[in-house]
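S.K.: how would this look folded up:
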Amino acid sequence: MKGRVFAAEIIRTGSALGFGVGTRLEEAALSLPLDYVDDVQGRGKSKVLWRDYGILEVTCGQPSDWVVQTVSVQLHRFASLPELRRTVSETLQIDCEPYTSWQEVAGELEGHADVELVEPELDYSGYRVVSARSTGVSAYVVKDPEVTRGVYPADGDLWSLEIMSPEFMP
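M.R.: Residues are numbered from 1 along each chain as shown. So this is what the prediction gives:
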């Protein structure tokens, strides 16, 4: 699967590699055979688990079950981490380029009437936010005509995707 198709599928479904809001971490982790780093903060019932798989950052609450609250798909990392791109390709069969053009992702979404994209009037310095409220996904697109491709994506490229409960979207 190409990276732009992968990104479009996340926007359409509100899920990435088995991780979506409300999924138990234990269940989702079975579908992702990648190394990760965990960071647990807080105490008692207020604990939060943050897990970084390289391509995904997952935040979980409810320590007794570790339930997914948000998922962030870090597409920008492919520009500076070719080994991550190679691992994702070999392990997950997702062939991502170093940069993913938002225009190409939007093209993959054409014809899917179930996904309505909106641009909330938010001021994120250097980013344009495009949201699919029905699935709880926001796309962060680089918005700076002076930035060129290099270690990081450039103007018009997808930086990341954020999956959260639609009730918390702007």
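S.K.: residue ranges in this protein under the pLDDT threshold?
M.R.: Counting by pLDDT under 70, the ranges of the chain that qualify are 170.
S.K.: who's in contact with stretch 78-95?
M.R.: The contact list for stretch 78-95 (Cβ atoms under 8 Å, 6 or more residues apart in numbering) reads 1-3, 6, 17, 32-34, 54-55, 77, 96-100, 149-153. Any C-beta I mention is one placed from the backbone N, CA and C, and that applies to glycine too.
S.K.: and stretch 85-94, how far from the chain's centre?
M.R.: The chain centroid and the centroid of stretch 85-94 are separated by 16 Å under Cα atoms, centre = their mean, to the nearest Å.
S.K.: please save the CA atoms from it in CSV.
M.R.: Once non-C-alpha atoms are left out, stretch 85-94 reads as follows in CSV (Å, rounded to 0.1, in the frame of the first residue of the first chain):
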residue,chain,number,x,y,z
ARG,A,85,10.5,4.0,6.4
ARG,A,86,12.3,0.8,5.6
THR,A,87,11.0,-1.0,8.7
VAL,A,88,7.4,0.1,8.0
SER,A,89,7.7,-1.1,4.4
GLU,A,90,9.2,-4.5,5.3
THR,A,91,7.0,-5.2,8.4
LEU,A,92,3.7,-3.6,7.5
GLN,A,93,3.9,-3.5,3.7
ILE,A,94,3.2,0.3,3.6
